[in-house]
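> compute the structure for the input listed below.
(2 chains)
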Amino acid sequence: SQQGEEDPQALSIQEGENATMNCSYKTSINNLQWYRQNSGRGLVHLILIRSNEREKHSGRLRVTLDTSKKSSSLLITASRAADTASYFCATDGQGAQKLVFGQGTRLTINP
Amino acid sequence: NAGVTQTPKFQVLKTGQSMTLQCAQDMNHNSMYWYRQDPGMGLRLIYYSASEGTTDKGEVPNGYNVSRLNKREFSLRLESAAPSQTSVYFCASSLDRSPLGEQYFGPGTRLTVT
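The predicted structure is shown next:
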């Protein structure tokens, strides 16, 4: 069963704009992770945020976590063409000892 | 460091044929994983290995077997391939013995079963 679900499924913006994508999950978690996947490549880890953290930054990336709403958001500021990729959230699945990935948000940055 | 490497990159099989997908990591990681990625389905865990000599089933283990040959290598075997196994297969590794930590992914193997 799906633990994390990303929204929107697809997002297209102009270069330089900010991109925000969201992840909602169903049950309590230990941590939530965001990964990026460029077309035809493997996933690359971006950020891990623990359940007792509310916000984390990494360069142009900002991740927030709201455990009361069971949701997280990934903000990419000042987007670049190279940010074009699919972005996945992953959470520990309903107490099971494994990561469960959402279906991803496909982000397109237009020049 | 090469990170996580997978061979082959592409493979076409006929129904009923067998093959082994190879994965190796050079990061001295403890845990290794096999996922499959299908359109619109996200990644699904097939098997994982928290340490040498141990393997555990994931979400979709049927039709697959794995071997953790040593700390570096984790192979995935399809004994009798079926069209439903057409997918992109990713190997991953993590330093943590728990599968809940940061994972490093290989480039994937695109498998088509006709």
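> can you pull the contacts of the residue of chain A found nearest chain B?
At 3.5 Å from chain B, A:G42 is the closest residue in chain A, using C-beta to the nearest C-beta. Placement of C-beta: from N, CA and C, glycine included. When contacts are counted by C-beta atoms under 8 Å, 6 or more residues apart in numbering or on different chains, A:G42 touches B:V4, B:F90, B:A92, B:F105, B:G106, B:P107, B:G108.
> just read off the phi/psi values of the last one.
Here is the backbone geometry of B:G108 (degrees, to the nearest 10): phi 100, psi 150.
> does chain B sit close to stretch A:89-106?
Yes: Stretch A:89-106 lies within reach of chain B by C-beta under 8 Å from any C-beta of the partner chain, at A:D92, A:Q97, A:K98, A:L99, A:F101, A:G102, A:Q103, A:G104.
> which of those has the weakest pLDDT?
The lowest pLDDT within those belongs to A:Q97, with 71.
> how many residues are close by that one?
A:Q97: 12 surrounding residues under other C-beta atoms under 10 Å in any protein chain shown.
> name the helix or strand for B:N1, please.
Per DSSP states H and E, B:N1 falls between elements, in no helix or strand.
> and the pLDDT at A:D83?
pLDDT, A:D83: 97.
> now it: closest residue in space, sequence neighbours ignored.
Setting aside the residues directly before and after it, A:D83 is nearest to A:I109 in space (C-beta to C-beta, 6 or more residues apart in numbering or on different chains), at 5.2 Å.
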